[in-house]
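Asks: Build me a model:
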Amino acid sequence: MTVKLVVKENAIELELVSRVVDMGGRADKVQVMGRRGFFDRLVLLPGGRIFFVEIKRPWGGRFTEHQREYARAYTALGAAVAVVKNSADIDALLKN
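Replies: Presented below is the predicted three-dimensional model:
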């Protein structure tokens, strides 16, 4: 019998927040009133590194059209946008 390990989005989010705080940064939950699809977290790291982060579950997590629009618009303005689906993505973000 094969057991499939299910990792939920909130587990990835908790890991991200914990690791950012351990580095001395912030990972604030973000909501834009009246707008759907905005990024999940605003991550501020020591040294002035700032990222808009969308968190997705490792398997099957997909962007909505609203999320794709935000990612395109913010990237076009020069903002750093990241998608985090697992620990390796968190490693890459924090190393960046």
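Asks: who touches the lengthiest strand in the chain?
Replies: Of all the segments of type strand in the chain, defined by DSSP state E, the longest one is strand 49-55. Residues outside strand 49-55 that contact it (CB atoms under 8 Å, 6 or more residues apart in numbering): 9, 12-13, 16, 27, 30, 39-45, 63, 67, 70-71, 74, 79-85, 93, 96. C-beta coordinates here come from the backbone N, C-alpha and C atoms, glycine included.
Asks: 7 Å instead, please
Replies: For strand 49-55, the external contacting residues (CB atoms under 7 Å, 6 or more residues apart in numbering) are 9, 12-13, 16, 39-44, 67, 74, 79-84, 93.
Asks: could you flag which of those are buried?
Replies: Among those, those buried by neighbour count (16 or more other CB atoms under 10 Å) are 12-13, 16, 39-41, 43-44, 67, 81-84, 93.
Asks: Helices of the chain, start to end?
Replies: 9-22, 65-76, 87-95 (DSSP state H).
Asks: Pipe the ones you listed into JSON lines and attach mean pLDDT and distance to Phe51 per row.
Replies: Listed next are these as JSON lines, based on pLDDT from 0 to 100; distance: least, CB to CB, whole Å:
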{"stretch": "helix 9-22", "mean pLDDT": "95", "distance to Phe51": "10"}
{"stretch": "helix 65-76", "mean pLDDT": "95", "distance to Phe51": "10"}
{"stretch": "helix 87-95", "mean pLDDT": "96", "distance to Phe51": "6"}
